[in-house]
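# Here is my input, please return the structure:
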Amino acid sequence: MGIVFLVIDSVIAVGLLLLAVASLSHNGYKNSINRLFSIFSLFVALWILSNHISNDIAMPQIVAHLSNDIVFVSSFGVTIIMMQFIIKLAYVHKLEVIVKKSLLPLWAICAMSATPLVVAGIEVQDKIYAVTFGPMIWLYAAGIFYMVLIISYGLIYGFKHARGVERRRLKSIGSALFVTIPLVILFSFIIPLVTGIFSVTEFGITPIIILVISLYYSVVRYQLFDIRRAAVRTSAYVLSLLSLSAIYYGLAYLLSVFLFKDNMTSSLSVSPVNIALALALAFMFQPIKRFFDKYTNKFFYKDGYSSDEFFAKLNKTLGSTIDLRGLLERAAVEIGHTLKSEQAFFFINTEDGHYVTAGTLHHRLLSRADADQLAKAKESRSGVIIASLLENADPVRRLMISYRVELILPLVKDRNVIGFLCLGDHLTSNYTNKDIGVLNAIASGLIIAIQNALAVQEIREFNATLQQKVANATEELRASNRMLRQLDKAKDEFVGMASHQLRTPLTSVKGYISMVIDGDAGKITDSQKQLLNEAFNSSERMVNLINDFLNVSRIQTGKFIIEKNTLDLPNLVEQELSNLQPSAVAHGLTFNYIKPTNFPTTIADEGKIRQVVMNFLDNAIYYSPDGTSVDVNAAVQDDDIIFMVKDSGIGVPMSEKSQLFTKFYRASNARRKRPDGTGVGLYLAKKIITAHDGKLIFESTEGKGSTFGFRLPIVK
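Numbering: from 1, shown residues only. Presented below is the predicted three-dimensional model:
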């Protein structure tokens with residue numbers, strides 16, 4: 001049995017030493033917890049070695065006596081270091097002062113352990129050396145008892161006050177310590193001290209293997225010491241070398257049996273056969289290492305995710321619905337699942353002074369008062385708020401802890417906080433810089449999707465309210481057709497008034513800017529003219545944006561009407577190119593357009609076709625590289641008129657083409673290129689062309705350019 005315990009204890013020592021070396025790598029030595037753990041590992045290895053020497057009666061008595069002194073010194077030192085390690089790991093600041101004051105007396109007792117005051121002598125007992133205790137053994141035991149109490153209190157305190165991954169680390173290590181410490185003290189000290197039987201000390205340190213397993217589990221599962229990268233590389237190299245060694249000795253054995261008739265002489269080591277084996281193993285090293293790299297990465301980074309895949313899934317989720325609560329719930333579930341969050345939820349302010357909160361199942365409910373406190377705190381912070389990086393006295397940290405929230409992503413539009421995305425503790429480890437970067441990257445997309453959903457919700461609520469009023473009026477005044485007509489007229493007037501009130505100020509702004517550009521208010525510089533042109537173009541885009549949203553509203557309410565009259569497409573295209581020329585010049589673009597002659601007219605809604613043409617041309621300007629050209633073409637084919645815009649811009653990813661013309665959807669590269677887009681232009685274009693019994697023309701290659709256009713039947 002002694003050999004078994006020796007093997008187990010050797011595994012303990014080697015395992016701890018390997019973990020200690022890994023914890024000090026990659027600047028780990030700068031962390032006090034890593035340094036304490038390394039010293040702890042050295043003391044345990046010394047304890048194990050001296051324990052086996054001190055029990056071996058084959059050793060000279062003076063060597064055994066010295067080894068027993070080292071056993072008592074190293075075991076006491078192990079307890080001191082473990083006490084400091086736990087206090088640091090559990091953040092028990094109240095005990096740190098007490099522990100610092102206790103260190104000098106405790107190390108004095110540790111040094112005293114090497115004197116006859118603790119180990120007076122040794123004698124042979126049942127094929128093992130037994131210890132004769134000195135007069136100060138009670139002080140040694142009291143010191144051990146004192147430190148065990150400190151460790152226990154630190155673990156309990158830390159478990160109550162820690163949260164997230166820190167709590168799970170303490171739970172893992174604390175559970176192992178609550179089993180390991182009593183067993184080690186029982187077999188190494190209590191039984192020998194009380195009964196005088198020392199044979200049990202042979203396996204007294206063996207229960208520490210429970211702690212070793214727990215530490216390795218904490219490293220892999222909860223990123224204790226943050227040495228995953230070192231663990232991955234070390235594991236891959238060790239497994240590769242072990243595999244190559246096994247292959248070599250296997251082949252060498254087979255060759256010795258079949259070629260050399262069991263004669264493993266030096267002839268094998270210098271023979272061409274051995275050289276061939278060495279070359280074969282050299283060629284096999286990289287494939288074997290790649291194999292182990294793949295599977296060690298899967299083991300250590302099983303919680304990893306692809307940012308591109310996550311962005312694609314989230315974009316699909318954001319485009320799947322315009323219902324605000326449904327949008328928030330689906331987005332929270334997708335984000336929480338990918339980032340391994342305990343909970344994920346949104347808090348969104350609405351225009352009417354109310355708020356909407358939605359998220360994963362059983363998420364915490366953030367109150368309005370606490371949300372206002374976060375909004376005020378956001379003024380002095382930027383980016384994602386991380387609870388664990390805030391000061392303990394920070395009120396925002398206390399607020400986040402009360403809701404079990406580790407990360408908060410403020411959703412800011414035009415310097416106004418429209419809401420928050422809150423993520424709970426990480427389920428398996430800590431959030432990484434990659435997670436923070438991903439959250440910052442999706443912020444603008446979330447804001448646009450939420451604002452779109454809010455706008456649609458407001459339209460729906462308005463329509464629902466209006467319909468309810470109409471229904472109530474109908475119920476109350478069923479006999480009065482005149483009142484019903486007045487209510488219907490009031491609704492139409494409201495829509496017209498809203499359109500007029502939104503567009504009229506912008507039209508005035510455009511007019512005044514145009515006058516200044518033309519020099520009516522005095523001479524302006526080239527730089528002023530450039531800025532005014534940008535302002536003019538922005539106003540033009542705002543007018544088009546208002547038209548888009550009004551048309552979306554009309555589609556929702558069934559008021560989207562096509563008013564057909566004579567359409568001269570070449571003239572219309574020429575006019576829109578002229579309107580967009582300043583914007584094209586600002587981007588260094590040129591339009592290649594040859595106005596066709598003898599072009600047939602057709603019957604269509606000129607205003608809505610103009611909107612489609614403008615949208616295609618505007619997209620070509622913003623998604624094309626500066627200094628390039630855009631081909632614009634109007635032609636007749638069979639009984640159809642055709643309009644096409646071909647650019648050499650960013651194109652559309654293959655996987656996103658099928659969703660491009662859906663409501664509020666924007667391709668991922670388009671969102672990066674132009675974050676302020678709305679995603680309604682192409683949706684409306686499809687509705688308008690379909691309403692004219694036409695067909696859209698669309699071809700695109702990502703990174704090479706796109707062709708957008710339409711085909712309309714010629715109606716005499």
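# quick one: the strands in this protein?
Under the criterion DSSP state E, the chain contains strands at 119-124, 129-133, 344-349, 355-359, 385-386, 405-413, 416-424, 565-567, 590-593, 602-604, 629-637, 640-646, 695-701, 705-713.
# Quick one: list the elements packing against the fifth one.
Counting contacts by 3 or more CB pairs under 8 Å, 6 or more residues apart in numbering; DSSP states H and E, the secondary-structure elements packed against strand 385-386 are helix 368-378, strand 405-413. (C-beta placed from N, C-alpha, C; glycine too.)
# The longest one: how far from the chain's middle?
Yep, that's helix 368-378 we're talking about. Helix 368-378 sits 24 Å away from the centroid of its parent chain (CA atoms, centre = their mean, to the nearest Å).
# for the record, mean pLDDT for it?
In this model, helix 368-378 carries a mean pLDDT of 84.
# now the angle from it to strand 355-359?
Interaxial angle of helix 368-378 relative to strand 355-359 (axes from the mean of the first three to the mean of the last three CA atoms, to 10 degrees): 90 degrees.
# Only C-alpha atoms, please: export helix 368-378 in PDB.
This file holds the C-alpha atoms of helix 368-378, laid out as PDB (Å, rounded to 0.1, in the frame of the first residue of the first chain):
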ATOM      1  CA  ARG A 368     -37.800  53.500 -13.300                       C
ATOM      2  CA  ALA A 369     -36.000  55.200 -10.400                       C
ATOM      3  CA  ASP A 370     -33.000  52.900 -10.700                       C
ATOM      4  CA  ALA A 371     -33.000  53.400 -14.500                       C
ATOM      5  CA  ASP A 372     -32.900  57.100 -14.000                       C
ATOM      6  CA  GLN A 373     -29.900  56.800 -11.700                       C
ATOM      7  CA  LEU A 374     -28.100  54.700 -14.300                       C
ATOM      8  CA  ALA A 375     -28.900  57.400 -16.900                       C
ATOM      9  CA  LYS A 376     -27.400  60.100 -14.800                       C
ATOM     10  CA  ALA A 377     -24.300  58.000 -14.100                       C
ATOM     11  CA  LYS A 378     -23.900  57.400 -17.800                       C
END
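# Flag every buried residue along that helix.
Residues of helix 368-378 classed as buried by neighbour count (16 or more other CB atoms under 10 Å): Asp370, Ala371, Leu374, Ala375, Ala377, Lys378.
# Pick out whichever of those residues sits closest to Gly651.
Nearest to Gly651 among the buried residues of helix 368-378: Lys378, at 37.1 Å, using CB to CB.
# Tell me if I'm right that the closest one and Arg415 touch.
No - using CB atoms under 8 Å, Lys378 makes no contact with Arg415, being 10.0 Å away.
# Could I get the full set of helices for the stretch 51-200 of the chain?
Along the stretch 51-200 of the chain, the segments classed as helices by DSSP state H, counting those that start in this stretch run 61-90, 93-112, 137-161, 164-185, 191-195.
# Sorry, slip of the keys, the one I care about is the stretch 451-600 of the chain.
Using DSSP H, counting those that start in this stretch, the helices of the stretch 451-600 of the chain run over 481-517, 526-557, 569-586.
# Next one, pLDDT for Leu569 please.
Listed pLDDT for Leu569 reads 90.
# would you put the C-alpha positions of stretch 657-668 in PDB?
Output of stretch 657-668 as PDB, limited to C-alpha atoms (Å, rounded to 0.1, in the frame of the first residue of the first chain):
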ATOM      1  CA  LYS A 657     -30.000  38.600 -50.300                       C
ATOM      2  CA  SER A 658     -33.300  36.800 -49.600                       C
ATOM      3  CA  GLN A 659     -34.100  39.200 -46.800                       C
ATOM      4  CA  LEU A 660     -32.900  42.500 -48.400                       C
ATOM      5  CA  PHE A 661     -36.300  43.700 -49.500                       C
ATOM      6  CA  THR A 662     -38.100  42.900 -46.100                       C
ATOM      7  CA  LYS A 663     -39.200  45.700 -43.800                       C
ATOM      8  CA  PHE A 664     -36.400  47.400 -41.800                       C
ATOM      9  CA  TYR A 665     -33.800  44.800 -42.900                       C
ATOM     10  CA  ARG A 666     -30.300  46.000 -43.800                       C
ATOM     11  CA  ALA A 667     -27.300  43.900 -44.900                       C
ATOM     12  CA  SER A 668     -24.600  43.600 -42.300                       C
END
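# Flag the shaky bits of the stretch 551-700 of the chain, pLDDT-wise.
Residue ranges of the stretch 551-700 of the chain with pLDDT under 70: 551-560.
# if we go to 80?
The stretch 551-700 of the chain contains residues with pLDDT under 80 at 551-562, 663-664, 674-680.
# before we move on, back to that, so which of the helices of the stretch 51-200 of the chain is the most packed in?
Highest mean neighbour count of the helices of the stretch 51-200 of the chain: helix 61-90, a mean of 22 (counted as mean count of other CB atoms under 10 Å).
# just checking, what packs against it?
Taking 3+ CB pairs under 8 Å, 6+ apart as the contact cut, helix 61-90 packs with helix 32-55, helix 93-112, strand 119-124, strand 129-133, helix 137-161, helix 164-185.
# Need those in a markdown table (columns: mean pLDDT).
Shown next, in a markdown table, are the helices and strands packed on helix 61-90 (pLDDT from 0 to 100):
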| stretch | mean pLDDT |
| --- | --- |
| helix 32-55 | 78 |
| helix 93-112 | 88 |
| strand 119-124 | 80 |
| strand 129-133 | 78 |
| helix 137-161 | 86 |
| helix 164-185 | 77 |
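# Save the ones you listed as TSV, and put in distance to Leu567 too.
As requested, these are exported to TSV (distance: least, CB to CB, whole Å):
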stretch	distance to Leu567
helix 32-55	75
helix 93-112	78
strand 119-124	107
strand 129-133	107
helix 137-161	73
helix 164-185	64
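# Any idea how many residues pack against the closest residue to Lys663 other than its chain neighbours?
Once flanking residues are discounted, Lys663 sits nearest to Tyr683: 4.7 Å by CB to CB, 6 or more residues apart in numbering. Neighbours of Tyr683 under the rule other CB atoms under 10 Å: 20.
# Alright, that wraps it up for me.
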